[in-house]
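# Okay, sequence plus prediction incoming.
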Amino acid sequence: MQPLANHICPLCGGANQCAPARAGTFAVDCWCKTASISPEALAQVPEELVGKACLCPRCAAGIGSAPPGQAAPQA
């Protein structure tokens with residue numbers, strides 16, 4: 001099994017910093033393996049992208065994500 005080559009966060013449209021997607025293998029470490037992922041952020045991922053696109057660190061932490069049509073909160 002290989003990671004999908006999706007480099008875009010489905011919430012903010014920025015780079016998701018997914019190391020496996022960049023490397024093309026799950027045999028590399030990634031920031032998400034030790035991060036706490038916000039349940040609220042996961043709930044905002046469009047259904048068609050669930051399991052197909054990784055969040056960026058800011059959105060995963062609940063900092064950068066916002067419902068479509070709303071500005072993301074500023075840190």
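Yep, it's here. Numbers count the residues shown, from 1 in each chain.
# Helix, strand, or coil at the residue nearest the centre of the chain?
Note on the chain: the residue nearest the mean C-alpha position is residue 55, at 0.6 Å, using CA atoms, centre = their mean. With DSSP: H, G, I helix; E, B strand; the rest coil as the basis, the three-state label of residue 55 is coil.
# Tell me who's in contact with the residue lying closest to it once chain neighbours are set aside.
Nearest in space to residue 55, with sequence neighbours left out and distances taken as CB to CB, 6 or more residues apart in numbering, is residue 9 at 5.4 Å. C-beta here means a position set from N, CA and C on the backbone, and glycine is covered the same way. When contacts are counted by CB atoms under 8 Å, 6 or more residues apart in numbering, residue 9 touches 15-16, 53-56, 59, 64.
# next one: residue 31
Applying CB under 8 Å, 6+ apart, the residues near residue 31 are 17, 19, 57.
# go with 7 Å
Residue 31 makes contact with 17, 57, according to CB atoms under 7 Å, 6 or more residues apart in numbering.
# what phi and what psi does the backbone show at it?
Main-chain torsions, residue 31, degrees, to the nearest 10: phi -60, psi -30.
# ditto for residue 49
Dihedral angles for residue 49 - degrees, to the nearest 10 - are phi -110, psi 0.
# and it, what does it touch?
residue 10.
# quick one: it from residue 29, how far?
Using CB to CB, to the nearest Å, we find residue 49 at a distance of 23 Å from residue 29.
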